[in-house]
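S.K.: Sequence first, predicted model second:
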Amino acid sequence: RRRGVPHLQVRRQVLAGGVAARGEPRPPQEATRGDRGDPRGGGPVAGLEQAVEVRPGRGAVSVSREEGDGIEAVGVAAWRRVDGGSAEEPERPENFGGRSPGKAGKERIMKRWERGIIGAAIALSLQAGAAGWAADKMVIGTGVDPTLSQFYVGVEAGIFKKHNIAAEVKLFGTASASTPSLIPGDIQASLTAAPAGALAHGKASKVVLVAMTNIINNYYAAVAESVIKDVPGLRAKKVGVAMGSSSEIFAIDALSKVGMTIKDIAVVNVEPPEMLAALQRRDIVAYFVWEPWLSRAKLALGDRVHFLPGTTDIYRPHNHLVMDREWIEKHPDTALRFVRAVKEAGEFLKSHPKDAAQMVSKFLKLDVKLVEELLPKSEFPFALNDVSMAFMKAEVDKLIATNRLKGPFNYKAYVYPDLLRKIDAKLVNYTLPQ
């Protein structure tokens, strides 16, 4: 106690909502002035780790660091004086010649105390609020393909962040390879090919379709050795196909147009990133795939390979946003903001194609000219409509016909329109397939 004013030592306590202070009496000999915290000079509080001095002057909290480097603010407010004033505060007892400051002086001191307490309370409230406003974390999965750019642009353009989503994007060999990770809960959303979502739902009803996110044009082909002149030339040959993805459905379509089935070729199940290497080693003679793996084959092998006639414009696939229904039901607000962000990312891709191409190039480490060439092949709609239902039914029928999926397929359980309807009811307009 100095001049009738108690010295307080306050230690910081980190709580869930912020920082709380606990006052403890401190012996007078420890109450020294810091060289920065007090304009009158003096040394710092010695030997105290995270000691905080509450001073009845400015309405603040200050910290004396253990290494004795003076008094530093901790962000709660400005510092307070040890004995009720500063060089600018005439109501300090010394400024009254050692006499009491009187009624008016005491009132001014009390008002400063009140302002300090209120300021500290507001600061603590803001700290607690900041903790509550922390971005909601999500882990989302997809492949390496510019048609899946909503996830990449959502990160690079700050759209997820804008909607208070801290999104971690996990990249898989294909988008379809990401979708099964919804089942154990490793990811909460997958931007994927239509067949992959249906196959995952067939294994776990928690996997649901939230929206169609893309219609893709002139994006698929069969790359083959130049000695293979046409699709019938693939009969009994080793051909790369990514089973369970749109590569499989595309192969079925291309073969059916010449009266063949997938059983007429020797399927080598290989992911697109490995297809080119397999073709280079001559482990396979061809593969059914999408961009950018078509362009990469031509760049790497030149005239040794070509695109098989009749395979370059026969398949217009859709991409789907599928999610974990159980997670949605536990986190409805986060799920709604996430879907809104994906929709906004698609709109950005259409309205800012040059900027988007730069972002996708950066995210995927692809040549920007290649990305600029590929992005226009995507339409980036965002809906649940009869077009999406018709395409989905055609894909599901092929999976059932090849025994890849057990029928009948439960479309009612799979299609989940609730989130999209809350964003814009006009985007939901369909009749469920039979």
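M.R.: Perfect, thanks for sending it.
S.K.: ranges for the helices of the stretch 251-400 of the chain?
M.R.: In the stretch 251-400 of the chain, the segments counted as helices under DSSP state H, counting those that start in this stretch are 272-280, 293-301, 325-330, 332-351, 353-364, 368-374, 386-401.
S.K.: nearest to residue 250, of the ones you listed?
M.R.: Nearest to residue 250, of all these, is helix 386-401, at 10.2 Å by CB to CB. Where C-beta positions appear, they are placed from N, C-alpha and C, glycine not excepted.
S.K.: before we move on, the earlier item: okay, the helices of the stretch 251-400 of the chain in a markdown table with distance to residue 314 and mean pLDDT next?
M.R.: Formatted as a markdown table, the helices of the stretch 251-400 of the chain follow (distance: least, CB to CB, whole Å; pLDDT from 0 to 100):
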| stretch | distance to residue 314 | mean pLDDT |
| --- | --- | --- |
| helix 272-280 | 19 | 94 |
| helix 293-301 | 14 | 92 |
| helix 325-330 | 34 | 98 |
| helix 332-351 | 25 | 98 |
| helix 353-364 | 26 | 98 |
| helix 368-374 | 18 | 95 |
| helix 386-401 | 13 | 96 |
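S.K.: got those helices as a markdown table, with mean neighbour count columns?
M.R.: Formatted as a markdown table, the helices of the stretch 251-400 of the chain follow (neighbours: other CB atoms under 10 Å):
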| stretch | mean neighbour count |
| --- | --- |
| helix 272-280 | 19 |
| helix 293-301 | 17 |
| helix 325-330 | 16 |
| helix 332-351 | 20 |
| helix 353-364 | 18 |
| helix 368-374 | 17 |
| helix 386-401 | 18 |
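S.K.: and of those helices, who's closest to residue 254?
M.R.: Between these, helix 386-401 lies closest to residue 254; by CB to CB that is 12.2 Å.
S.K.: Which neighbouring elements make contact with that closest one?
M.R.: helix 194-203, strand 207-215, helix 246-256, strand 318-324, helix 411-414 (3 or more CB pairs under 8 Å, 6 or more residues apart in numbering; DSSP states H and E).
S.K.: go with 7 Å
M.R.: helix 194-203, helix 246-256 (3 or more CB pairs under 7 Å, 6 or more residues apart in numbering; DSSP states H and E).
S.K.: about what we covered before: so for residue 150, which of the helices of the stretch 251-400 of the chain sits nearest?
M.R.: Across the helices of the stretch 251-400 of the chain, closest to residue 150 is helix 332-351 (CB to CB), at 4.2 Å.
S.K.: Could you list the low-pLDDT ranges of the stretch 151-300 of the chain?
M.R.: Within the stretch 151-300 of the chain, no range satisfies pLDDT under 70.
S.K.: ok, 90 please
M.R.: Applying pLDDT under 90 to the stretch 151-300 of the chain flags the ranges 244-245, 273.
S.K.: mind checking which of the helices of the stretch 251-400 of the chain is nearest residue 172?
M.R.: helix 272-280 (9.9 Å).
S.K.: quick one, the closest one and helix 293-301 angle?
M.R.: 40 degrees (axes from the mean of the first three to the mean of the last three CA atoms, to 10 degrees).
S.K.: for the stretch 1-150 of the chain, which spans come out with low pLDDT?
M.R.: In the stretch 1-150 of the chain (pLDDT under 90), the answer is 1-134.
S.K.: mind running it again at 70?
M.R.: Where the stretch 1-150 of the chain drops to pLDDT under 70, the residues are 1-133.
S.K.: Do a quick rundown of the strands in the stretch 101-250 of the chain.
M.R.: 136-142, 165-171, 189-193, 207-215, 220-225, 238-241 (DSSP state E, counting those that start in this stretch).
S.K.: Compile these into CSV and extend it with columns for mean neighbour count and distance to residue 407.
M.R.: Formatted as CSV, these follow (neighbours: other CB atoms under 10 Å; distance: least, CB to CB, whole Å):
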stretch, mean neighbour count, distance to residue 407
strand 136-142, 20, 27
strand 165-171, 17, 31
strand 189-193, 30, 19
strand 207-215, 24, 17
strand 220-225, 25, 25
strand 238-241, 24, 22
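S.K.: So for residue 378, which of these sits nearest?
M.R.: Per CB to CB, nearest to residue 378 of the strands of the stretch 101-250 of the chain: strand 207-215, 5.2 Å.
S.K.: OK, contacts around residue 177?
M.R.: The contact partners of residue 177, by CB atoms under 7 Å, 6 or more residues apart in numbering, come to 143, 271.
S.K.: So it versus residue 334, what's the distance?
M.R.: 25 Å (CB to CB, to the nearest Å).
S.K.: what does residue 317 give?
M.R.: 29 Å.
S.K.: ok, now residue 296?
M.R.: Residue 296 is 37 Å from residue 334, by CB to CB.
S.K.: do residue 360 as well
M.R.: Relative to residue 334, and taking CB to CB, residue 360 is found at 25 Å.
S.K.: I'd like to know which of the helices and strands packed on helix 386-401 is closest to residue 267.
M.R.: Closest among the helices and strands packed on helix 386-401, once you apply CB to CB, is helix 246-256, at 8.0 Å.
S.K.: okay, the closest one in PDB with CA atoms only?
M.R.: Below are the C-alpha coordinates for helix 246-256, written out as PDB (Å, rounded to 0.1, in the frame of the first residue of the first chain):
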ATOM      1  CA  SER A 246     -16.900 -41.600 -65.500                       C
ATOM      2  CA  SER A 247     -14.000 -43.200 -67.400                       C
ATOM      3  CA  GLU A 248     -15.800 -46.600 -67.000                       C
ATOM      4  CA  ILE A 249     -19.200 -45.200 -68.200                       C
ATOM      5  CA  PHE A 250     -17.500 -43.400 -71.100                       C
ATOM      6  CA  ALA A 251     -15.800 -46.600 -72.200                       C
ATOM      7  CA  ILE A 252     -19.100 -48.500 -72.000                       C
ATOM      8  CA  ASP A 253     -20.700 -45.800 -74.200                       C
ATOM      9  CA  ALA A 254     -17.900 -45.700 -76.800                       C
ATOM     10  CA  LEU A 255     -17.800 -49.500 -77.100                       C
ATOM     11  CA  SER A 256     -21.600 -49.800 -77.400                       C
END
